[in-house]
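Student: how does the following fold in three dimensions:
(one chain, ligands or ions: 1)
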Amino acid sequence: MPQGKKIIVGITGSIAAYKTVLLVRELVKQGAEVKVIMTPAARDFVSPLTLATLSRNPVLSGLFDEQGWSNHVMLGRWADLFLVAPLSCNTMAKMARGGCDNLLLAVYLSATCPVVLAPAMDEDMWRHPSTRANLELLESFGNKIIPVGTGDLASGLTGEGRMAEPEQIIGYLRHYIFKQGPLQGKKALVTAGPTYEPIDPVRFIGNHSSGKMGIAVAKELQQRGASVTLVLGPSAADLSLPGIDIIRVQTAEQMFTACRERFPASDIGVMAAAVADYTPVVTADRKIKKTGAALSIDLKRTTDILKSLGETKREGQVLLGFALETDQEKMNALEKLEKKNADLIVLNSLNDPGAGFGKDTNKITIFARDGREFPFETKSKNEVAADIVDTLIRLHYA
Ligand code: CTP
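Tutor: Down below sits the predicted model:
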(Lines give C-alpha, C1' and ligand atoms only; values in the text may rest on other atoms or scores of the structure.)
Protein backbone atom coordinates (compact mmCIF):
# COMPACT_ATOMS: atom_id res chain seq x y z
CA MET A 1 0.00 0.00 0.00
CA PRO A 2 2.45 2.73 1.00
CA GLN A 3 4.77 1.36 -1.75
CA GLY A 4 7.34 4.03 -2.57
CA LYS A 5 5.85 6.59 -0.17
CA LYS A 6 8.20 8.60 2.01
CA ILE A 7 6.90 8.60 5.56
CA ILE A 8 8.26 10.30 8.67
CA VAL A 9 7.06 8.51 11.79
CA GLY A 10 7.22 10.74 14.87
CA ILE A 11 7.22 8.92 18.21
CA THR A 12 6.47 10.66 21.50
CA GLY A 13 6.63 9.53 25.13
CA SER A 14 3.81 7.06 25.59
CA ILE A 15 3.67 3.36 26.38
CA ALA A 16 1.85 2.87 23.07
CA ALA A 17 5.22 3.46 21.38
CA TYR A 18 5.78 -0.31 21.48
CA LYS A 19 3.05 -0.65 18.84
CA THR A 20 4.87 1.84 16.63
CA VAL A 21 7.78 -0.59 16.42
CA LEU A 22 5.43 -3.05 14.67
CA LEU A 23 3.94 -0.25 12.61
CA VAL A 24 7.35 0.84 11.30
CA ARG A 25 8.24 -2.75 10.46
CA GLU A 26 4.97 -3.18 8.54
CA LEU A 27 5.31 0.12 6.64
CA VAL A 28 8.83 -0.84 5.53
CA LYS A 29 7.65 -4.34 4.62
CA GLN A 30 4.95 -2.81 2.44
CA GLY A 31 7.52 -0.75 0.54
CA ALA A 32 7.48 2.65 2.28
CA GLU A 33 10.65 4.61 2.95
CA VAL A 34 10.50 5.42 6.64
CA LYS A 35 12.46 7.89 8.77
CA VAL A 36 11.80 7.91 12.49
CA ILE A 37 11.95 10.99 14.71
CA MET A 38 11.76 10.47 18.46
CA THR A 39 11.17 13.01 21.19
CA PRO A 40 13.54 12.70 24.17
CA ALA A 41 10.70 11.14 26.23
CA ALA A 42 10.02 8.51 23.53
CA ARG A 43 13.51 7.07 24.06
CA ASP A 44 12.45 5.96 27.55
CA PHE A 45 9.82 3.69 26.02
CA VAL A 46 11.42 2.10 22.94
CA SER A 47 14.97 1.77 21.78
CA PRO A 48 16.25 3.95 18.91
CA LEU A 49 18.42 1.00 17.88
CA THR A 50 15.33 -1.16 17.27
CA LEU A 51 13.69 1.57 15.23
CA ALA A 52 16.84 2.38 13.26
CA THR A 53 17.20 -1.30 12.41
CA LEU A 54 13.57 -1.73 11.38
CA SER A 55 13.32 1.55 9.45
CA ARG A 56 16.77 1.01 7.86
CA ASN A 57 17.54 4.66 8.57
CA PRO A 58 19.21 6.43 11.50
CA VAL A 59 16.72 7.62 14.10
CA LEU A 60 16.56 11.40 14.31
CA SER A 61 16.15 13.04 17.66
CA GLY A 62 17.95 16.27 18.39
CA LEU A 63 17.78 19.59 16.62
CA PHE A 64 21.59 19.44 16.77
CA ASP A 65 24.19 16.73 17.22
CA GLU A 66 27.99 16.54 16.89
CA GLN A 67 27.60 16.35 13.11
CA GLY A 68 25.69 19.63 13.02
CA TRP A 69 22.18 20.89 12.55
CA SER A 70 19.29 18.57 11.58
CA ASN A 71 17.61 20.17 8.63
CA HIS A 72 14.01 20.01 9.77
CA VAL A 73 12.74 22.09 6.87
CA MET A 74 14.15 19.65 4.33
CA LEU A 75 12.79 16.69 6.33
CA GLY A 76 9.33 18.24 6.32
CA ARG A 77 9.57 18.69 2.56
CA TRP A 78 11.07 15.25 1.90
CA ALA A 79 8.08 13.40 3.31
CA ASP A 80 4.82 12.47 1.58
CA LEU A 81 3.34 12.04 5.02
CA PHE A 82 4.20 12.92 8.61
CA LEU A 83 2.61 10.48 11.05
CA VAL A 84 2.88 11.06 14.79
CA ALA A 85 2.10 7.81 16.60
CA PRO A 86 1.70 7.75 19.51
CA LEU A 87 0.87 11.41 20.11
CA SER A 88 1.17 12.12 23.84
CA CYS A 89 -0.82 14.76 25.68
CA ASN A 90 2.30 16.85 26.11
CA THR A 91 3.32 16.90 22.44
CA MET A 92 -0.31 17.47 21.46
CA ALA A 93 -0.40 20.59 23.64
CA LYS A 94 2.89 21.86 22.21
CA MET A 95 1.72 21.27 18.63
CA ALA A 96 -1.53 23.10 19.28
CA ARG A 97 0.38 26.13 20.62
CA GLY A 98 3.23 26.11 18.11
CA GLY A 99 5.89 25.00 20.58
CA CYS A 100 9.25 24.06 19.10
CA ASP A 101 11.65 22.62 21.68
CA ASN A 102 12.58 19.41 19.86
CA LEU A 103 13.13 18.08 16.34
CA LEU A 104 9.70 16.45 16.08
CA LEU A 105 7.97 19.78 16.75
CA ALA A 106 10.27 21.65 14.37
CA VAL A 107 9.51 19.16 11.58
CA TYR A 108 5.79 19.41 12.38
CA LEU A 109 5.85 23.19 12.08
CA SER A 110 7.72 23.09 8.78
CA ALA A 111 5.98 20.06 7.20
CA THR A 112 4.32 20.76 3.86
CA CYS A 113 2.90 17.22 3.57
CA PRO A 114 -0.28 15.84 5.20
CA VAL A 115 0.07 15.32 8.96
CA VAL A 116 -1.71 12.40 10.65
CA LEU A 117 -1.89 12.12 14.42
CA ALA A 118 -2.61 8.96 16.41
CA PRO A 119 -3.18 10.05 20.02
CA ALA A 120 -2.68 7.74 22.99
CA MET A 121 -3.47 8.52 26.60
CA ASP A 122 -5.52 7.48 29.60
CA GLU A 123 -9.24 8.04 29.45
CA ASP A 124 -9.34 10.87 31.99
CA MET A 125 -6.63 12.77 30.11
CA TRP A 126 -8.38 12.03 26.80
CA ARG A 127 -11.62 13.52 28.13
CA HIS A 128 -10.04 16.57 29.77
CA PRO A 129 -11.34 19.84 28.30
CA SER A 130 -7.79 20.98 27.46
CA THR A 131 -7.22 17.80 25.40
CA ARG A 132 -10.55 18.32 23.62
CA ALA A 133 -9.64 21.93 22.88
CA ASN A 134 -6.15 21.01 21.64
CA LEU A 135 -7.54 18.30 19.37
CA GLU A 136 -10.09 20.68 17.93
CA LEU A 137 -7.37 23.24 17.29
CA LEU A 138 -5.09 20.66 15.64
CA GLU A 139 -7.95 19.48 13.44
CA SER A 140 -8.77 23.05 12.46
CA PHE A 141 -5.14 23.41 11.25
CA GLY A 142 -5.84 20.58 8.77
CA ASN A 143 -4.19 17.71 10.67
CA LYS A 144 -5.96 14.36 10.46
CA ILE A 145 -6.67 12.58 13.73
CA ILE A 146 -6.92 8.79 13.87
CA PRO A 147 -9.65 8.01 16.41
CA VAL A 148 -8.52 6.33 19.62
CA GLY A 149 -9.77 2.87 20.54
CA THR A 150 -11.44 1.56 23.68
CA GLY A 151 -9.95 -1.19 25.83
CA ASP A 152 -7.27 -1.89 28.45
CA LEU A 153 -5.15 1.15 29.28
CA ALA A 154 -1.66 1.39 30.76
CA SER A 155 -3.16 2.61 34.05
CA GLY A 156 -4.90 -0.73 34.49
CA LEU A 157 -8.25 0.92 33.81
CA THR A 158 -10.42 0.14 30.81
CA GLY A 159 -11.75 2.90 28.64
CA GLU A 160 -11.18 5.27 25.74
CA GLY A 161 -7.71 6.48 24.80
CA ARG A 162 -5.81 3.52 23.32
CA MET A 163 -3.74 4.29 20.26
CA ALA A 164 -5.21 2.65 17.15
CA GLU A 165 -3.59 -0.70 16.28
CA PRO A 166 -0.86 -0.72 13.60
CA GLU A 167 -3.11 -2.41 11.01
CA GLN A 168 -5.82 0.15 11.69
CA ILE A 169 -3.33 3.00 11.24
CA ILE A 170 -2.18 1.51 7.95
CA GLY A 171 -5.82 1.02 6.93
CA TYR A 172 -6.50 4.66 7.78
CA LEU A 173 -3.52 5.88 5.76
CA ARG A 174 -4.50 3.75 2.80
CA HIS A 175 -8.09 4.91 2.98
CA TYR A 176 -7.92 8.58 3.89
CA ILE A 177 -4.45 9.69 2.85
CA PHE A 178 -3.24 7.58 -0.07
CA LYS A 179 -6.77 6.80 -1.25
CA GLN A 180 -5.78 3.30 -2.25
CA GLY A 181 -7.28 -0.15 -1.89
CA PRO A 182 -9.48 -2.11 -4.28
CA LEU A 183 -12.63 -1.10 -2.41
CA GLN A 184 -11.80 2.61 -2.34
CA GLY A 185 -15.02 4.60 -2.81
CA LYS A 186 -17.23 1.59 -1.99
CA LYS A 187 -19.66 1.56 0.92
CA ALA A 188 -20.12 -1.62 2.91
CA LEU A 189 -22.87 -2.54 5.35
CA VAL A 190 -22.05 -5.34 7.80
CA THR A 191 -24.20 -6.98 10.47
CA ALA A 192 -22.64 -8.83 13.40
CA GLY A 193 -23.42 -10.32 16.77
CA PRO A 194 -26.57 -11.86 18.20
CA THR A 195 -29.92 -10.20 18.66
CA TYR A 196 -31.80 -10.19 21.96
CA GLU A 197 -35.56 -10.59 21.75
CA PRO A 198 -37.15 -9.35 24.99
CA ILE A 199 -39.59 -11.58 26.89
CA ASP A 200 -40.02 -9.14 29.76
CA PRO A 201 -37.85 -6.34 31.23
CA VAL A 202 -35.25 -8.83 32.54
CA ARG A 203 -35.31 -11.80 30.14
CA PHE A 204 -34.65 -12.30 26.48
CA ILE A 205 -34.16 -14.93 23.79
CA GLY A 206 -30.60 -14.74 22.49
CA ASN A 207 -27.78 -16.88 21.18
CA HIS A 208 -24.06 -17.48 21.68
CA SER A 209 -22.81 -15.36 18.77
CA SER A 210 -19.78 -13.27 19.82
CA GLY A 211 -19.86 -10.97 16.80
CA LYS A 212 -16.15 -11.64 16.20
CA MET A 213 -16.53 -12.91 12.62
CA GLY A 214 -18.61 -9.95 11.43
CA ILE A 215 -16.34 -7.46 13.22
CA ALA A 216 -13.29 -9.04 11.56
CA VAL A 217 -14.96 -8.73 8.13
CA ALA A 218 -15.87 -5.09 8.84
CA LYS A 219 -12.22 -4.31 9.72
CA GLU A 220 -10.95 -6.13 6.65
CA LEU A 221 -13.34 -4.29 4.31
CA GLN A 222 -12.16 -1.01 5.80
CA GLN A 223 -8.55 -1.97 5.30
CA ARG A 224 -9.22 -2.63 1.63
CA GLY A 225 -10.55 0.91 1.28
CA ALA A 226 -14.32 0.61 1.87
CA SER A 227 -16.32 2.97 4.10
CA VAL A 228 -17.93 0.61 6.56
CA THR A 229 -21.11 0.76 8.61
CA LEU A 230 -21.38 -2.00 11.19
CA VAL A 231 -24.82 -2.82 12.60
CA LEU A 232 -23.90 -4.63 15.77
CA GLY A 233 -26.09 -6.61 18.14
CA PRO A 234 -25.36 -6.88 21.88
CA SER A 235 -21.83 -8.25 21.52
CA ALA A 236 -19.23 -8.05 24.27
CA ALA A 237 -16.37 -8.12 21.75
CA ASP A 238 -13.59 -5.56 22.22
CA LEU A 239 -14.69 -2.61 20.15
CA SER A 240 -11.67 -0.80 18.94
CA LEU A 241 -12.80 0.12 15.47
CA PRO A 242 -11.57 3.59 14.57
CA GLY A 243 -13.18 4.93 11.43
CA ILE A 244 -16.01 2.39 11.31
CA ASP A 245 -19.51 3.77 11.76
CA ILE A 246 -21.08 1.54 14.41
CA ILE A 247 -24.83 1.32 14.99
CA ARG A 248 -25.67 -0.60 18.15
CA VAL A 249 -28.96 -2.51 18.16
CA GLN A 250 -30.63 -5.07 20.42
CA THR A 251 -33.44 -6.75 18.50
CA ALA A 252 -33.87 -8.30 15.04
CA GLU A 253 -36.41 -5.60 14.26
CA GLN A 254 -33.93 -2.82 15.10
CA MET A 255 -31.23 -4.53 13.06
CA PHE A 256 -33.61 -4.82 10.11
CA THR A 257 -34.62 -1.14 10.34
CA ALA A 258 -30.97 -0.03 10.41
CA CYS A 259 -30.11 -2.25 7.40
CA ARG A 260 -33.18 -1.29 5.38
CA GLU A 261 -32.26 2.39 5.76
CA ARG A 262 -28.62 1.95 4.78
CA PHE A 263 -28.56 -0.82 2.19
CA PRO A 264 -29.85 1.29 -0.75
CA ALA A 265 -26.75 3.50 -0.53
CA SER A 266 -24.36 0.56 0.00
CA ASP A 267 -22.35 -1.33 -2.60
CA ILE A 268 -21.67 -4.35 -0.41
CA GLY A 269 -23.82 -6.06 2.23
CA VAL A 270 -22.30 -8.67 4.53
CA MET A 271 -24.89 -10.28 6.80
CA ALA A 272 -22.82 -11.99 9.47
CA ALA A 273 -25.21 -11.52 12.38
CA ALA A 274 -26.86 -14.47 14.09
CA VAL A 275 -30.31 -12.93 13.95
CA ALA A 276 -33.01 -14.54 16.08
CA ASP A 277 -35.50 -16.27 13.78
CA TYR A 278 -38.34 -15.85 16.29
CA THR A 279 -39.35 -13.14 18.74
CA PRO A 280 -42.03 -13.12 21.45
CA VAL A 281 -45.44 -12.02 20.18
CA VAL A 282 -45.81 -9.82 23.25
CA THR A 283 -43.15 -8.43 25.55
CA ALA A 284 -44.45 -8.23 29.11
CA ASP A 285 -43.91 -4.78 30.54
CA ARG A 286 -43.38 -6.26 34.01
CA LYS A 287 -41.30 -9.20 35.11
CA ILE A 288 -43.21 -12.46 34.56
CA LYS A 289 -43.70 -14.19 37.93
CA LYS A 290 -43.62 -17.96 38.15
CA THR A 291 -47.08 -19.48 38.47
CA GLY A 292 -47.94 -22.89 36.99
CA ALA A 293 -45.66 -25.86 36.36
CA ALA A 294 -45.01 -24.84 32.78
CA LEU A 295 -44.91 -21.62 30.82
CA SER A 296 -45.49 -21.14 27.10
CA ILE A 297 -44.32 -18.09 25.22
CA ASP A 298 -45.84 -17.43 21.82
CA LEU A 299 -43.23 -16.57 19.22
CA LYS A 300 -43.53 -15.06 15.77
CA ARG A 301 -41.06 -14.97 12.89
CA THR A 302 -38.66 -12.06 12.62
CA THR A 303 -37.91 -10.48 9.28
CA ASP A 304 -35.15 -12.30 7.42
CA ILE A 305 -32.84 -9.35 6.85
CA LEU A 306 -30.62 -11.03 4.26
CA LYS A 307 -33.64 -12.23 2.27
CA SER A 308 -35.32 -8.86 2.45
CA LEU A 309 -32.18 -7.04 1.23
CA GLY A 310 -31.81 -9.73 -1.48
CA GLU A 311 -35.30 -8.85 -2.74
CA THR A 312 -34.44 -5.17 -3.12
CA LYS A 313 -30.89 -5.73 -4.36
CA ARG A 314 -30.09 -3.65 -7.44
CA GLU A 315 -27.58 -4.12 -10.23
CA GLY A 316 -24.03 -3.65 -8.95
CA GLN A 317 -24.78 -4.44 -5.30
CA VAL A 318 -23.04 -7.47 -3.82
CA LEU A 319 -24.72 -9.36 -1.00
CA LEU A 320 -22.98 -11.95 1.14
CA GLY A 321 -24.63 -14.16 3.73
CA PHE A 322 -23.48 -16.81 6.17
CA ALA A 323 -24.84 -20.27 6.78
CA LEU A 324 -24.13 -22.18 9.95
CA GLU A 325 -25.16 -25.77 9.39
CA THR A 326 -24.96 -29.11 11.11
CA ASP A 327 -26.50 -31.39 8.42
CA GLN A 328 -26.42 -31.50 4.64
CA GLU A 329 -24.25 -28.46 4.79
CA LYS A 330 -23.59 -27.84 1.12
CA MET A 331 -27.18 -28.40 0.09
CA ASN A 332 -28.48 -26.06 2.79
CA ALA A 333 -25.88 -23.41 1.96
CA LEU A 334 -26.77 -23.48 -1.75
CA GLU A 335 -30.45 -23.32 -0.91
CA LYS A 336 -29.84 -20.20 1.20
CA LEU A 337 -27.84 -18.61 -1.63
CA GLU A 338 -30.78 -19.12 -3.96
CA LYS A 339 -33.66 -18.38 -1.58
CA LYS A 340 -32.13 -15.20 -0.20
CA ASN A 341 -30.82 -13.94 -3.56
CA ALA A 342 -27.29 -13.59 -2.17
CA ASP A 343 -24.20 -13.46 -4.40
CA LEU A 344 -21.99 -15.35 -1.99
CA ILE A 345 -22.68 -17.65 0.95
CA VAL A 346 -20.05 -18.44 3.54
CA LEU A 347 -20.66 -21.86 5.04
CA ASN A 348 -19.30 -22.72 8.42
CA SER A 349 -20.10 -26.15 9.64
CA LEU A 350 -20.62 -26.82 13.33
CA ASN A 351 -19.14 -30.28 12.61
CA ASP A 352 -15.71 -28.72 12.09
CA PRO A 353 -13.86 -28.61 15.41
CA GLY A 354 -12.36 -25.19 14.58
CA ALA A 355 -15.65 -23.50 13.63
CA GLY A 356 -18.48 -22.02 15.61
CA PHE A 357 -19.65 -19.54 18.19
CA GLY A 358 -17.22 -17.90 20.57
CA LYS A 359 -14.17 -19.57 18.99
CA ASP A 360 -11.26 -17.55 17.61
CA THR A 361 -10.94 -19.82 14.58
CA ASN A 362 -13.27 -20.73 11.77
CA LYS A 363 -13.33 -23.11 8.82
CA ILE A 364 -15.31 -21.95 5.85
CA THR A 365 -16.32 -22.78 2.30
CA ILE A 366 -17.56 -19.94 0.10
CA PHE A 367 -20.22 -20.67 -2.51
CA ALA A 368 -20.68 -18.26 -5.40
CA ARG A 369 -23.74 -17.79 -7.57
CA ASP A 370 -22.03 -19.13 -10.66
CA GLY A 371 -21.60 -22.52 -8.99
CA ARG A 372 -17.97 -22.15 -7.97
CA GLU A 373 -16.98 -23.09 -4.45
CA PHE A 374 -13.89 -22.10 -2.49
CA PRO A 375 -12.90 -24.25 0.51
CA PHE A 376 -10.42 -22.94 3.09
CA GLU A 377 -8.44 -24.45 5.95
CA THR A 378 -9.16 -23.76 9.64
CA LYS A 379 -7.77 -20.28 10.33
CA SER A 380 -8.08 -17.40 12.79
CA LYS A 381 -11.20 -15.29 12.31
CA ASN A 382 -9.04 -12.39 11.09
CA GLU A 383 -7.48 -14.62 8.40
CA VAL A 384 -10.90 -15.98 7.49
CA ALA A 385 -12.14 -12.39 7.11
CA ALA A 386 -9.23 -11.72 4.73
CA ASP A 387 -10.16 -14.83 2.68
CA ILE A 388 -13.79 -13.71 2.49
CA VAL A 389 -12.90 -10.17 1.38
CA ASP A 390 -10.27 -11.48 -1.08
CA THR A 391 -12.87 -13.75 -2.67
CA LEU A 392 -15.44 -10.96 -2.80
CA ILE A 393 -12.93 -8.65 -4.51
CA ARG A 394 -11.73 -11.34 -6.92
CA LEU A 395 -15.26 -12.23 -8.03
CA HIS A 396 -16.79 -8.76 -8.10
CA TYR A 397 -14.18 -6.01 -8.22
CA ALA A 398 -11.10 -7.41 -9.94
N1 CTP B 1 -30.26 -13.82 8.54
C2 CTP B 1 -30.83 -12.56 8.52
N3 CTP B 1 -31.99 -12.32 9.19
C4 CTP B 1 -32.62 -13.31 9.85
C5 CTP B 1 -32.04 -14.61 9.89
C6 CTP B 1 -30.87 -14.83 9.23
O7 CTP B 1 -30.25 -11.66 7.91
N8 CTP B 1 -33.75 -13.04 10.50
C9 CTP B 1 -29.02 -14.04 7.80
C10 CTP B 1 -27.81 -14.33 8.63
O11 CTP B 1 -27.13 -13.13 8.99
C12 CTP B 1 -26.98 -15.20 7.72
C13 CTP B 1 -28.00 -15.94 6.92
O14 CTP B 1 -29.20 -15.18 7.01
O15 CTP B 1 -26.22 -14.42 6.81
C16 CTP B 1 -28.26 -17.37 7.33
O17 CTP B 1 -28.84 -17.44 8.57
P18 CTP B 1 -29.29 -18.84 9.24
O19 CTP B 1 -29.87 -18.50 10.58
O20 CTP B 1 -28.20 -19.82 9.19
O21 CTP B 1 -30.36 -19.35 8.27
P22 CTP B 1 -31.90 -19.29 8.26
O23 CTP B 1 -32.27 -18.73 6.97
O24 CTP B 1 -32.42 -18.61 9.47
O25 CTP B 1 -32.30 -20.80 8.21
P26 CTP B 1 -32.33 -21.93 9.33
O27 CTP B 1 -32.33 -21.26 10.67
O28 CTP B 1 -33.56 -22.65 8.99
O29 CTP B 1 -31.08 -22.73 9.07
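Student: okay, now Phe178: neighbour count?
Tutor: 20 (other C-beta atoms under 10 Å). (Glycine included, C-beta is placed from N, CA and C.)
Student: surely it meets Lys5?
Tutor: Yes: with contact defined as C-beta atoms under 8 Å, Phe178 and Lys5 form a contacting pair (6.7 Å).
Student: can you list the residues of the stretch 201-350 of the chain near the ligand?
Tutor: Counting by C-beta under 6 Å from any ligand atom, the stretch 201-350 of the chain comes close to the ligand at 252, 271, 273, 275, 277, 302, 304-306, 321-324, 336.
Student: now do 8 Å
Tutor: 252, 255-256, 259, 271-277, 302-309, 320-325, 332, 336, 339-340, 342, 345-346 (C-beta under 8 Å from any ligand atom).
Student: now the buried members of these.
Tutor: Listed as buried from those are 252, 255-256, 259, 271-276, 302-306, 308-309, 320-325, 332, 336, 340, 342, 345-346; burial here means 16 or more other C-beta atoms under 10 Å.
Student: just the ones of these in strands?
Tutor: 271, 320-325, 345-346 (DSSP state E).
Student: tell me the one of those residues nearest Ala398?
Tutor: Ala398 has its nearest neighbour among these in Leu320, at 15.9 Å by C-beta to C-beta.
Student: now do the contacts for that closest one.
Tutor: Contacts of Leu320 were listed using C-beta atoms under 8 Å, 6 or more residues apart in numbering, and they are 268-271, 342-346, 388, 392.
Student: again, only using 6 Å
Tutor: Contact partners of Leu320, counting by C-beta atoms under 6 Å, 6 or more residues apart in numbering, are 270, 344.
Student: what bridges to it?
Tutor: Beta-bridge partners for Leu320, by DSSP bridges, are Val270, Leu344.
Student: and it, how close does it get to Asp267?
Tutor: Computed as C-beta to C-beta, to the nearest Å, the Leu320 to Asp267 distance reads 12 Å.
Student: repeat for Gln180
Tutor: Taking C-beta to C-beta as the measure, Gln180 falls 17 Å from Asp267.
Student: what do you get for Gly321?
Tutor: Distance, Gly321 to Asp267, using C-beta to C-beta: 16 Å.
Student: for the ligand, what's its nearest residue on the stretch 101-250 of the chain.
Tutor: Residue of the stretch 101-250 of the chain nearest the ligand, by C-beta to the nearest ligand atom: Thr191 (5.9 Å).
Student: grab the nearest non-local neighbour of Val46.
Tutor: The shortest distance from Val46 to any residue other than its chain neighbours is 4.6 Å, reached at Ala17 (C-beta to C-beta, 6 or more residues apart in numbering).
Student: ok, Phe263 next?
Tutor: Leu309 (5.0 Å).
Student: all the helices of this protein, in order from the start?
Tutor: Taking DSSP state H as the test, the helices found in the chain are 17-29, 48-55, 72-78, 89-97, 103-110, 123-127, 129-140, 166-172, 212-223, 252-262, 305-312, 329-339, 381-396.
Student: turn those into JSON lines, including mean pLDDT and distance to Thr361.
Tutor: As requested, those are exported to JSON lines (pLDDT from 0 to 100; distance: least, C-beta to C-beta, whole Å):
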{"stretch": "helix 17-29", "mean pLDDT": "97", "distance to Thr361": "22"}
{"stretch": "helix 48-55", "mean pLDDT": "97", "distance to Thr361": "30"}
{"stretch": "helix 72-78", "mean pLDDT": "81", "distance to Thr361": "44"}
{"stretch": "helix 89-97", "mean pLDDT": "97", "distance to Thr361": "39"}
{"stretch": "helix 103-110", "mean pLDDT": "94", "distance to Thr361": "41"}
{"stretch": "helix 123-127", "mean pLDDT": "92", "distance to Thr361": "32"}
{"stretch": "helix 129-140", "mean pLDDT": "95", "distance to Thr361": "39"}
{"stretch": "helix 166-172", "mean pLDDT": "90", "distance to Thr361": "19"}
{"stretch": "helix 212-223", "mean pLDDT": "92", "distance to Thr361": "10"}
{"stretch": "helix 252-262", "mean pLDDT": "98", "distance to Thr361": "26"}
{"stretch": "helix 305-312", "mean pLDDT": "98", "distance to Thr361": "24"}
{"stretch": "helix 329-339", "mean pLDDT": "95", "distance to Thr361": "17"}
{"stretch": "helix 381-396", "mean pLDDT": "93", "distance to Thr361": "7"}
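Student: what's the closest of those to Pro201?
Tutor: helix 252-262 (16.8 Å).
Student: what's next to that closest one, contact-wise?
Tutor: Contact with helix 252-262 is made by 189, 195, 229, 231, 247, 249, 275-276, 302-303, 305, as judged by C-beta under 6 Å, 6+ apart.
Student: rerun at 10 Å
Tutor: Contact with helix 252-262 is made by 187, 189-197, 205, 229, 231-233, 245, 247-249, 251, 266, 269, 271, 273, 275-279, 301-306, 308-309, 312, as judged by C-beta atoms under 10 Å, 6 or more residues apart in numbering.
Student: and Gly171, what does it touch?
Tutor: Gly171 neighbours (C-beta under 10 Å, 6+ apart): 1, 146, 164-165, 181, 219-225, 242-244.
Student: which among the residues you listed gets closest to Ile297?
Tutor: Ile244 (35.5 Å).
Student: so what sits opposite the closest residue to Asn207 other than its chain neighbours in the bridge?
Tutor: Spatial nearest neighbour of Asn207, chain neighbours left out: Pro194 (4.7 Å); criterion: C-beta to C-beta, 6+ apart. Note on Pro194: beta-bridge partners by DSSP bridges are Ala274.
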